[in-house]
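K.L.:
Need a 3D model of the following:
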Amino acid sequence: MAKDSKSAPAASAREYPLADIRNIGIVAHIDAGKTTTTERILFYSGKVHKMGEVHDGTAVMDWMAQEQERGITITSADTTCFWNGRQINVIDTPGHVDFTAEVERSLRVLDGAVGVFCAVGGVQPQSETVWRQADRYGVPRIAFVNKMDRTGARFARVVEEMRAKLHANAVPVQLPIGAEDAFEGVVDLIAMRALRFQGELGSDVVASGIPDALAADAAAARERLLEAVAETSEDLLSAYLENGDLPADRLKAGLRAATVSGQVVPVLCGSSFHNQGIQPLLDAIVDYLPSPLDVPPIRGTHPKTGDALERKPDDDGPLCAMAFKVATDPFVGRVVYVRVYSGVLRKGANVWNPRTARRERLMRLLRLHANQRTDTDALFSGEIGAIAGIKGVGSGDTLCAEQKPVVLERIVFPEPVISMAIEPKTQADKEKMQAALADLAEEDPTFRVGVNPETGQTIMQGMGELHLEILRDRMLREFRVQANAGKPMVAYKETVTAPARAESEFDRMLGDKHHYGRVALAVAPAPRGAGNTVEFHLSNETVPREYHACIEEGIRDGLSTGVLSNYPLVDVAVTVDGGAFHPTDSTDIAFRTAASMAVREAVGKAAPALLEPLMQLEITTPEEHLGDVLADLNTRRGQVSDMTTRDSLRLIQATVPLAGLFGYATTLRSLSKGRASYSMEPSRFEIVPPAIAKPLLEY
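P.N.:
Numbering: from 1, shown residues only. You can find the predicted model right below:
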């Protein structure tokens with residue numbers, strides 16, 4: 001439950017200049033140690049006075065009951081801490097693939113990120129996913145190789161995997177002193193010294209000379225660091241070639257510039273759980289990750305003219321902020337998380353929402369610390385906070401000055417791959433369930449709710465079994481809704497596999513008005529994942545442009561349900577190339593209806609096919625169980641793409657239809673006597689083989 005701080009509202013003047021602010025996210029694969037790392041960051045920066053632990057449900061950033069019970073992060077948690085005179089706004093993101101939308105919208109508004117990697121597991125599937133998300137938004141990163149004290153920890157191997165799998169220019173700025181049980185500190189390659197973490201809870205950072213056994217390795221690693229940084233700047237390269245070295249201050253400045261530009265990813269190491277390496281990580285965050293002034297100005301468009309616009313981080317500039325997350329709280333009500341790019345959000349002021357073309361009043365502004373909130377009078381450019389009680393703003397909306405409007409690019413979320421029927425236990429729960437589902441869908445863009453037109457059942461759609469299970473649990477605990485749920489089902493889709501044409505005419509009297517419109521169009525398969533497209537190859541003499549919008553609307557309505565089994569149609573390219581109109585009798589209704597009928601007829605002729613979601617699996621298994629695991633994958637229609645060896649384990653990369661993965665965790669544990677593990681993420685949609693599709697369509 002959210003808690004409101006009773007302290008007085010914060011002052012309305014900026015406390016920290018823009019150059020001293022860092023907006024960062026902690027991102028990684030599940031179980032790499034993101035939340036534990038964040039807890040240590042909060043402790044050493046003085047934000048909290050007792051370390052929380054994920055395994056016993058006391059982590060500050062894992063505040064939801066479901067997170068504490070399962071020991072995983074489900075929702076991104078925001079907080080602010082301070083280090084060396086800098087303000088660090090931190091978002092701890094989930095690592096489970098079912099909650100990847102939380103990572104997507106967090107990275108959209110962050111200036112930098114810390115990628116946490118397990119020293120044993122290395123670069124795992126969700127590590128690749130979040131890295132690609134950060135690439136898409138151009139977010140500069142540093143890397144922290146965690147769990148150096150675990151059996152099987154290999155720092156050099158993780159760095160090599162970052163280069164090979166992530167195509168990152170990963171450059172160590174530290175080396176571990178020992179590994180596994182012998183891990184005792186790090187070598188700082190900038191200052192060429194050893195750092196050990198002593199005293200109660202590792203609070204004392206003790207510097208000393210580099211151990212003799214590591215001197216040669218440290219010298220070689222520093223040389224590689226110097227070369228990597230020097231190659232990013234002609235001035236640095238000249239100084240390096242002339243002197244064979246760079247002073248620490250120039251090296252740090254060059255490394256910061258290379259990190260901000262994305263040319264270099266500094267790599268650090270430690271053990272968050274055993275309180276080693278966090279203080280240097282905090283130093284690296286403020287030294288190498290960008291402030292809002294270091295990243296390019298946010299780009300958007302004018303809502304009316306479509307002209308490109310920029311907004312620079314400036315308190316005196318026109319207001320520009322993005323609402324990136326919506327949450328529902330039983331005490332506070334609706335809370336909208338915002339990143340301010342330009343101008344100032346002030347309590348009591350009005351802001352403009354271009355999507356709704358409405359003015360909204362800011363009645364309450366909040367600063368955040370996990371589920372605790374402090375009232376404030378203003379949120380300044382470069383800051384992250386929240387607005388309470390605002391109703392007309394959704395995730396991805398832009399808030400701006402009415403006289404200088406701008407629209408920022410909206411966040412694109414993946415499509416759901418799994419569905420589940422749900423119904424209230426009693427009539428009294430019916431309205432409560434509908435309200436709860438609406439609130440949850442507003443919070444989570446990857447959660448969809450609809451009604452099956454044939455059965456009348458309410459259908460929940462999400463990113464995985466755990467995703468739907470968590471949402472159902474939240475309905476019970478937070479919204480007090482008693483409901484029965486069916487078994488999870490695959491969210492199939494439909495597509496076309498051949499080109500086809502159709503023409504449809506709508507010509508009838510409705511009431512006392514005659515409606516006329518004729519549409520001719522062609523459909524064809526589009527590349528997988530391209531979505532649906534509509535193009536017009538029409539002259540105004542054939543069908544005036546004023547009717548194009550309603551024709552496209554009719555086409556998209558027609559594609560919303562397929563012709564095989566009412567699944568949505570995807571990856572269909574539609575070309576409207578003919579039709580007719582009447583000067584007085586043509587109407588929007590006529591063209592919308594004709595277009596919908598024409599596209600349905602064309603799809604029926606275009607060899608429609610069923611699509612199923614495929615998942616990318618990475619399975620880690622001992623060698624002796626490899627045969628059983630592979631045989632089981634074969635029964636699930638899995639296709640193995642790669643097998644590698646890591647120490648005494650085998651790593652299997654495979655693509656498997658989601659339909660074959662229900663209950664897989666239990667089967668894998670049984671096959672391997674509990675020693676194998678796996679992770680998965682959505683890969684793509686592919687056509688279901690006819691032998692499999694036939695019983696599905698007959699069901």
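
K.L.:
Can you pull up the most central residue in the chain?
P.N.:
residue 104 (2.1 Å; Cα atoms, centre = their mean).

K.L.:
in the helix or strand where that one lies, what's buried?
P.N.:
Residue 104 is part of helix 100-109, with elements assigned from DSSP states H and E. Of the residues in helix 100-109, 100-109 count as buried by neighbour count, 16 or more other Cβ atoms under 10 Å. To be clear about C-beta, it is placed using only N, CA and C from the backbone, and glycine gets the same treatment.

K.L.:
again, but for stretch 152-168
P.N.:
Of all the residues in stretch 152-168, those buried under the rule 16+ other Cβ under 10 Å are 152-155, 157-159, 161-162, 166, 168.

K.L.:
I'd like the residues you listed laid out as CSV, including distance to residue 405, secondary structure and pLDDT.
P.N.:
Shown next, in CSV, are these (distance: Cβ to Cβ, whole Å; DSSP: H, G, I helix; E, B strand; the rest coil; pLDDT from 0 to 100):
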residue, distance to residue 405, secondary structure, pLDDT
152, 55, coil, 91
153, 52, coil, 93
154, 53, coil, 94
155, 50, helix, 96
157, 51, helix, 95
158, 46, helix, 96
159, 46, helix, 97
161, 46, helix, 94
162, 42, helix, 95
166, 38, coil, 92
168, 38, coil, 95
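
K.L.:
could you dump the residues you listed to TSV with distance to residue 237?
P.N.:
Putting the buried residues of stretch 152-168 into TSV (distance: Cβ to Cβ, whole Å) gives the following:
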residue	distance to residue 237
152	39
153	35
154	32
155	28
157	30
158	28
159	23
161	28
162	24
166	25
168	21
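
K.L.:
ok, the residue nearest to residue 349 when sequence neighbours are not counted - contacts?
P.N.:
Distance criterion Cβ to Cβ, 6 or more residues apart in numbering; nearest residue to residue 349, sequence neighbours excluded, is residue 362 at 5.5 Å. The contact partners of residue 362, taken as Cβ atoms under 8 Å, 6 or more residues apart in numbering, are 345-351, 387, 390.

K.L.:
Closest to residue 626 out of those?
P.N.:
Residue 626 has its nearest neighbour among these in residue 387, at 53.4 Å by Cβ to Cβ.

K.L.:
Let's verify the closest one: helix, strand, or coil?
P.N.:
strand (DSSP: H, G, I helix; E, B strand; the rest coil).

K.L.:
Can you give me the neighbour number for it?
P.N.:
Residue 387 has 24 neighbours, counted by other Cβ atoms under 10 Å.

K.L.:
Let me see the contact set for it.
P.N.:
Under the criterion of Cβ under 8 Å, 6+ apart, the neighbours of residue 387 are 323, 335-336, 338, 345, 362, 364-366, 393.

K.L.:
circling back to that earlier point, now the contacts of residue 362 in a markdown table, please, with extra columns for secondary structure and pLDDT.
P.N.:
Output for the contacts of residue 362, formatted as a markdown table (DSSP: H, G, I helix; E, B strand; the rest coil; pLDDT from 0 to 100):
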| residue | secondary structure | pLDDT |
| --- | --- | --- |
| 345 | strand | 94 |
| 346 | strand | 94 |
| 347 | coil | 92 |
| 348 | coil | 91 |
| 349 | coil | 93 |
| 350 | strand | 93 |
| 351 | strand | 94 |
| 387 | strand | 91 |
| 390 | coil | 87 |
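
K.L.:
taking the mean pLDDT, what do you get for stretch 32-40?
P.N.:
Stretch 32-40 comes out with an average pLDDT of 86.

K.L.:
sorry, back to before: closest one to residue 142 out of the contacts of residue 387, please.
P.N.:
Closest to residue 142, out of all of the contacts of residue 387 and judged by Cβ to Cβ, is residue 338, at 25.6 Å.

K.L.:
in the sheet, who's paired with that closest one?
P.N.:
For residue 338, the beta-bridge partners are residue 323, residue 385 (DSSP bridges).

K.L.:
what sits up against stretch 687-699?
P.N.:
Stretch 687-699 is contacted by residues 492, 495, 497, 564-565, 609-612, 637, 657 when judged by Cβ under 8 Å, 6+ apart.

K.L.:
one more time with 6 Å, if that's ok
P.N.:
Contact with stretch 687-699 is made by 564-565, 609-610, 612, as judged by Cβ atoms under 6 Å, 6 or more residues apart in numbering.

K.L.:
ok, the residue nearest to the centre of the chain - contacts?
P.N.:
Applying Cβ under 6 Å, 6+ apart, the residues near residue 104 are residue 133.

K.L.:
Can you tell me the SS state at the residue nearest to residue 402 when sequence neighbours are not counted?
P.N.:
Spatial nearest neighbour of residue 402, chain neighbours left out: residue 352 (3.8 Å); criterion: Cβ to Cβ, 6+ apart. Recorded secondary structure, residue 352: strand (three-state DSSP).

K.L.:
gap between residue 352 and residue 313?
P.N.:
20 Å (Cβ to Cβ, to the nearest Å).

K.L.:
And those two? Which one has more around it.
P.N.:
Neighbour totals were compared for residue 352 and residue 313, and residue 313 leads with 25 against 20 (other Cβ under 10 Å).
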